[in-house]
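Colleague: Quick one: sequence plus predicted model below, questions after.
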Amino acid sequence: MSNHFKNDIDALAKHYGELVKRHGDAAESAQYADRETQERRMQVLCEIGVTKDSKVLDFGCGTGQMLNLLQRTMEFEGEYVGYDISPEAIEFARSAHPGGRFEVRDVLENPSDETFDYVLVSGVFNNAMSDNRAFFQEVSRRLMAQAGKGYAFNMLSRFVDYFDEGLYYEDPLQAFRFCKEELSPLVTLRHDYAVRPGSIPFEFTIYVNQSDIDPRALNTPKPD
C-alpha cells in the first residue's frame with residue numbers, strides 16, 4: 001500500500017538519521033535553524049486547542065522536542081506519542097524523554113488504529129519529494145482518521161521571494177481547499193505569524209477540526 005513513496009521515505013529516513021548523528025538533540029537535527037524558530041512553529045500548532053491533559057500524536061517527532069515544550073509551557077500531564085521514520089531520532093528521543101512513547105513508524109506502510117485528541121505535524125512536508133502534494137494528501141487522510149478532535153500541520157508557503165530547490169513550497173489555498181473538501185468543513189488557515197520577530201511569514205499552518213458533517217456532502221450540487 002502506497003509503495004510509490006517508499007524510495008522517498010527511505011531517503012528522508014537516511015537524511016534525518018545523519019542529522020541526528022551530527023547534531024544530537026539540537027534544532028539542526030530536525031533541519032531547523034535554531035531552537036527559537038523550531039519552538040515557535042510548535043507553539044502555533046498547539047494553538048489548535050492542545051491542553052495539559054490532551055492525548056497528542058507528534059508525527060515526525062524527531063528527538064522529541066515537542067514533549068519538552070509541552071511540559072515546560074503548560075505543565076503537560078497528558079499522553080504524548082511520537083512517530084518518526086528515523087530509528088536514530090527515535091532512539092535519541094526515548095533516552096532523552098522517558099515520559100513519552102516513541103515509535104519508528106511509516107503510517108503509509110504500517111498504519112495504526114490508535115486515536116488521539118490532536119495530531120500535530122511540523123516540518124514533515126518541507127523536503128522536496130517525487131510528488132509532494134500527493135504525499136501530503138495521503139498522509140493527511142491517514143492522520144485525520146486518527147485525530148479525535150483535530151489535526152494541525154505546517155508547510156512552506158509559495159508566497160515567498162526565495163525558493164530553495166531542495167524544499168517544497170505549497171500554495172496555501174490549494175492545501176486549504178484539499179482539507180475543506182476532503183477532511184472536514186471546519187478548517188482554519190493561518191498565514192499571520194512569523195517564526196522570529198521582524199521576519200516575513202514564509203510558511204503557514206492549517207487547523208482541521210473534526211466534524212460530524214461529511215465535507216463531501218457540502219460539495220454535492222443541490223437539485224433545483
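Modeller: Arrived safely. Numbering: from 1, shown residues only.
Colleague: Show me the longest strand that occurs in the protein.
Modeller: As assigned by DSSP state E, the longest strand anywhere in the chain is strand 147-157.
Colleague: and for stretch 203-215, what are the contacting residues?
Modeller: Stretch 203-215 is contacted by residues 41, 44-45, 47-49, 140, 144, 147-157, 172, 175-176, 179-191, 193, 195 when judged by C-beta atoms under 8 Å, 6 or more residues apart in numbering. To be clear about C-beta, it is placed using only N, CA and C from the backbone, and glycine gets the same treatment.
Colleague: If we go by neighbour counts, what in the lengthiest helix in the chain is buried?
Modeller: Counting residues, the longest helix found in the chain (DSSP state H) is helix 6-23. Buried positions in helix 6-23, judged by neighbour count with 16 or more other C-beta atoms under 10 Å: 8, 9, 12, 13, 16, 17, 19, 20.
Colleague: just stretch 87-98 next, same as before
Modeller: Here stretch 87-98 shows 88, 89, 90, 92, 93, 94, 96, 97 as buried, counting by 16+ other C-beta under 10 Å.
Colleague: okay, the residues you listed in a markdown table with secondary structure, distance to residue 132 and pLDDT next?
Modeller: Shown next, in a markdown table, are the buried residues of stretch 87-98 (DSSP: H, G, I helix; E, B strand; the rest coil; distance: C-beta to C-beta, whole Å; pLDDT from 0 to 100):
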| residue | secondary structure | distance to residue 132 | pLDDT |
| --- | --- | --- | --- |
| 88 | helix | 24 | 94 |
| 89 | helix | 21 | 95 |
| 90 | helix | 24 | 96 |
| 92 | helix | 27 | 93 |
| 93 | helix | 25 | 94 |
| 94 | helix | 30 | 95 |
| 96 | helix | 30 | 91 |
| 97 | coil | 29 | 92 |
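Colleague: which residues in this protein form helices?
Modeller: For the chain, applying DSSP H gives helices covering 6-23, 35-46, 65-74, 87-96, 132-146, 172-178.
Colleague: could I get the third one in CSV with only the CA atoms?
Modeller: Pointing back at helix 65-74 there. Provided in CSV are the C-alpha atoms of helix 65-74 (Å, rounded to 0.1, in the frame of the first residue of the first chain):
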residue,chain,number,x,y,z
GLN,A,65,11.3,18.5,21.4
MET,A,66,7.5,18.9,21.2
LEU,A,67,7.2,17.0,24.5
ASN,A,68,9.8,19.1,26.1
LEU,A,69,7.9,22.2,25.0
LEU,A,70,4.6,21.0,26.2
GLN,A,71,6.0,20.1,29.7
ARG,A,72,7.7,23.4,30.0
THR,A,73,5.0,25.7,28.8
MET,A,74,1.8,24.1,30.0
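Colleague: Ramachandran angles for residue 86?
Modeller: Note on residue 86: backbone dihedrals following degrees, to the nearest 10 are phi -100, psi 110.
Colleague: and it, how far is that from residue 124?
Modeller: Plainly put, residue 86 is 12 Å away from residue 124 if you go by C-beta to C-beta, to the nearest Å.
Colleague: between those two, who's got more neighbours?
Modeller: Regarding residue 86 and residue 124, a neighbour count based on other C-beta atoms under 10 Å identifies residue 86 as having more, with 26 against 21.
Colleague: check contacts around the more buried one.
Modeller: By C-beta under 8 Å, 6+ apart, residue 86 lies in contact with 13, 16, 17, 20, 62, 104.
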